[in-house]
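*Asks:* pasting the sequence and the predicted coordinates here, then a few questions.
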Amino acid sequence: MKPNPNLDELLSSFIDGELSPRQRTEVQRMAAHDPAVARRLRQLQNCRTLVCALPPAEAPGDLLEQIRQSLERKTLLQEQPVTARRSAGVVHLMFRRFVAAAAMIALVGVLGVVVYQIVAPVPGMQTLSPVAVNPHPPQPVPDLGGPAPVPVVDRGFSGRLELATAAFAQVDAFVQRAVESFGSVETAHREMAGDRRVYRVVGTRDSIHRLMASLGGVWQEFDSATLHVSELEGSAPVTIEAVTPDQMVEVVARKSTEASVETAQMYAAMNWMARTMPGREIAPLIDDEDSGSLFASDTIPMPKLAGPVDTNQATHAPPQGTAPASLTIVLLRSSK
Amino acid sequence: MYLRAANINIDDSVLVQQSQTGDTAAMERLILKYQNRIYNVILKMCGNPDDAAELAQEAFVKVIESIDKFQGKSSFYTWLFRIAVNLTLNHCQRSSRTATRSLDAEETEPNGETARVLRDCLSDERAVDPAAVAQSREICELAKKYLLQLEEPQRAVVVLRDIEGMDYAQIADVLNIELGTVRSRLSRARSNLREILESMLK
């Protein structure tokens, strides 16, 4: 009979008592009615009997002792390596700490040598200050918007004003009253020699400025007006021919000798150009814009020359300061 | 013999609890209680007494070392045999010293009374007498050798069922397999064992 796996499983479970009562009843019925099933059941039972009949073996008598010794060996093997590992670990840790400390000391030493070579004084040379220390006191940072303001020392103003007029007596009387009535003038000296009057006035820029401004009232009587501005003693003065009262006031109003000289040079050039360039005959019209006669003239009008600053008197504040200023007024009688 | 497995759990839980508290005497009682059965199962599976002794020793050492982790999800009995059987199966897979080689080397034709008893075992007409088998030393040796010719998984279920006397559920618990697998594997093992015996007597 060829083995049937499903039947063998059922019969094997029947032999082992692993079937339910209904299954057991069914197997018993099958075995009773089928000789092949009964034969296979007997074969499997005999096979099982053969294995079950094998005598049981007894464990060695010293198994318990062997187990105990095995545990002791394991304990010893576990403890000894742990101790050894701990000792080795401690030694290794100490070695690493020692190496780390040595490395740190060496690093500090190298850095110290480097720093010493940087800051050490050079033999035979003057001792230098430490690199990080600025030996010089800090200087004020200049204004980047322009040159630093240089304190200007006003050495005063010195000028000579030469005036020529046909109305000599009237103008002389006017100038004399102006000089005498001008209270702020410190000293005034008048020389009289024929058709020549010399007034020497010494004061401040402010007082000279006001004196010049007061001369504007008789300015139309002058046939010529020339201002000489001296920069330094011994140096050639700057001459402004055909000077106007506004130009004089502007020159005196400067805050320094150099500025006054520069302004005088500028007006000297302007007035020279006005005299030499074409159309100089309309110069009076240029000065008087409101005359309305400009358009009636046949000559092309010259543009009004303007200085670096507005010559309007109202815009020129009186100069401040106490620098000495002197003005010599020479009044001449013109033959006109 | 089949009743042994049914009565082993009576005091196991108490001994296990005592062992978990550090009571070495309780653990020794557990060892003494199971050492022969553990050794017998291992020996029937591996076929070598020295290996069986060493494996049994190793199994109990593992039990002692792991007794604190035993949570009682399964019985101590199946837990103990699971450790021992797994160690033995791993050993058999690692080692080439299986009973097959020794059987091949010492394979001899059964003679005389031995052959007659074996023919009775294979007889379809009548059941074999267990007492006669047990009394024949030669029959027992041959049966052990033929048993070792089974593959390890089949040999394990046969040993656990027919020698240790476990039921299918316990076998499934020890081997961590399904109950149906135990049933089919045990059926095939017995069928194969009969074929081996028949081949020897032909």
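*Replies:* It's in.
*Asks:* when you work out contacts or count neighbours from here on, use the C-alpha atoms and nothing else.
*Replies:* Noted.
*Asks:* pLDDT weak spots in the stretch 101-250 of chain A?
*Replies:* In the predicted model of the stretch 101-250 of chain A, residues A:121-153, A:182-189, A:232-235 satisfy pLDDT under 70.
*Asks:* nearest to chain B: which residue in it?
*Replies:* With Cα to the nearest Cα as the measure, A:A101 is the residue of the stretch 101-250 of chain A nearest to chain B, at 44.4 Å.
*Asks:* how many neighbours does that residue have?
*Replies:* Applying other Cα atoms under 10 Å in any protein chain shown, we find 12 residues neighbouring A:A101.
*Asks:* okay, helices next: where are they in the chain?
*Replies:* You didn't say which chain, so I picked chain A. A:5-16, A:21-33, A:35-52, A:63-119, A:168-181, A:205-214, A:245-252, A:257-276, A:283-287 (DSSP state H).
*Asks:* not what I meant, chain B
*Replies:* B:12-20, B:24-46, B:49-66, B:76-94, B:99-105, B:112-122, B:130-135, B:137-148, B:152-158, B:168-175, B:179-201.
*Asks:* would CSV of those helices with mean neighbour count and mean pLDDT be doable?
*Replies:* Formatted as CSV, the helices of chain B follow (neighbours: other Cα atoms under 10 Å in any protein chain shown; pLDDT from 0 to 100):
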stretch, mean neighbour count, mean pLDDT
helix B:12-20, 17, 90
helix B:24-46, 21, 93
helix B:49-66, 20, 94
helix B:76-94, 18, 94
helix B:99-105, 15, 47
helix B:112-122, 18, 72
helix B:130-135, 16, 73
helix B:137-148, 20, 84
helix B:152-158, 23, 94
helix B:168-175, 21, 96
helix B:179-201, 18, 89
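*Asks:* which stretch among the ones you listed comes nearest A:N46?
*Replies:* Judged by Cα to Cα, the one of the helices of chain B that comes nearest to A:N46 is helix B:112-122, at 5.1 Å.
*Asks:* list of residues touching that closest one?
*Replies:* A:43, A:46-47, A:50, B:126-128, B:132-133, B:136, B:138-139, B:194, B:197-198, B:201 (Cα atoms under 8 Å, 6 or more residues apart in numbering or on different chains).
*Asks:* I'd say A:R197 and A:V330 touch.
*Replies:* Yes - A:R197 lies in contact with A:V330 (Cα atoms under 8 Å); the separation is 5.7 Å.
*Asks:* and for B:F70, the neighbour number?
*Replies:* 15.
*Asks:* from chain A, how far off is it?
*Replies:* With the distance defined as Cα to the nearest Cα, to the nearest Å, B:F70 ends up 19 Å from chain A.
*Asks:* please report the distance of that residue from B:I83.
*Replies:* 12 Å (Cα to Cα, to the nearest Å).
*Asks:* same thing with B:R183?
*Replies:* Distance from B:R183 to B:I83, by Cα to Cα: 22 Å.
*Asks:* could you check how far B:Y146 is from chain A?
*Replies:* Distance of B:Y146 to chain A, given as Cα to the nearest Cα: 10 Å.
*Asks:* tell me what the closest residue to A:A269 other than its chain neighbours is bridged to.
*Replies:* Once flanking residues are discounted, A:A269 sits nearest to A:I240: 8.0 Å by Cα to Cα, 6 or more residues apart in numbering or on different chains. Per DSSP bridges, the residues bridged to A:I240 are A:L227.
*Asks:* okay, now A:I240: neighbour count?
*Replies:* The burial count for A:I240: 24, using other Cα under 10 Å.
*Asks:* next one: A:A102
*Replies:* Neighbours around A:A102, by other Cα under 10 Å: 12.
*Asks:* ok, A:V249 touching A:L211?
*Replies:* No - taking contacts as Cα under 8 Å, A:V249 lies outside contact range of A:L211: 9.1 Å.
*Asks:* ok, these two, which is more surrounded?
*Replies:* A:V249 (26 against 21).
*Asks:* ok, the more buried one to A:V243 distance?
*Replies:* 10 Å.
*Asks:* skipping adjacent residues, who's closest to A:S12 in space?
*Replies:* According to Cα to Cα, 6+ apart, the nearest residue to A:S12 is B:S187 (5.7 Å).
*Asks:* let me see the contact set for that neighbour.
*Replies:* A:5, A:8-9, A:12-13.
*Asks:* can we see that at 6 Å?
*Replies:* A:8-9, A:12 (Cα atoms under 6 Å, 6 or more residues apart in numbering or on different chains).
*Asks:* go on, B:D23?
*Replies:* So B:D23 contacts nothing (Cα under 6 Å, 6+ apart).
*Asks:* please apply the same query to the one 3 residues further on.
*Replies:* By Cα under 6 Å, 6+ apart, the residues touching B:A26 are B:15, B:18-19.
*Asks:* wait, which of these is closest to chain A?
*Replies:* Using Cα to the nearest Cα, the contacts of B:A26 come closest to chain A at B:S19, 14.7 Å.
*Asks:* ok, the closest one - contacts?
*Replies:* Taking Cα under 6 Å, 6+ apart, one finds B:26-27 in contact with B:S19.
*Asks:* still on that earlier bit, could you dump the contacts of B:S187 into TSV and include neighbour count and distance to B:L87?
*Replies:* Shown next, in TSV, are those (neighbours: other Cα atoms under 10 Å in any protein chain shown; distance: Cα to Cα, whole Å):
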residue	neighbour count	distance to B:L87
A:D8	22	30
A:E9	21	28
A:S12	25	28
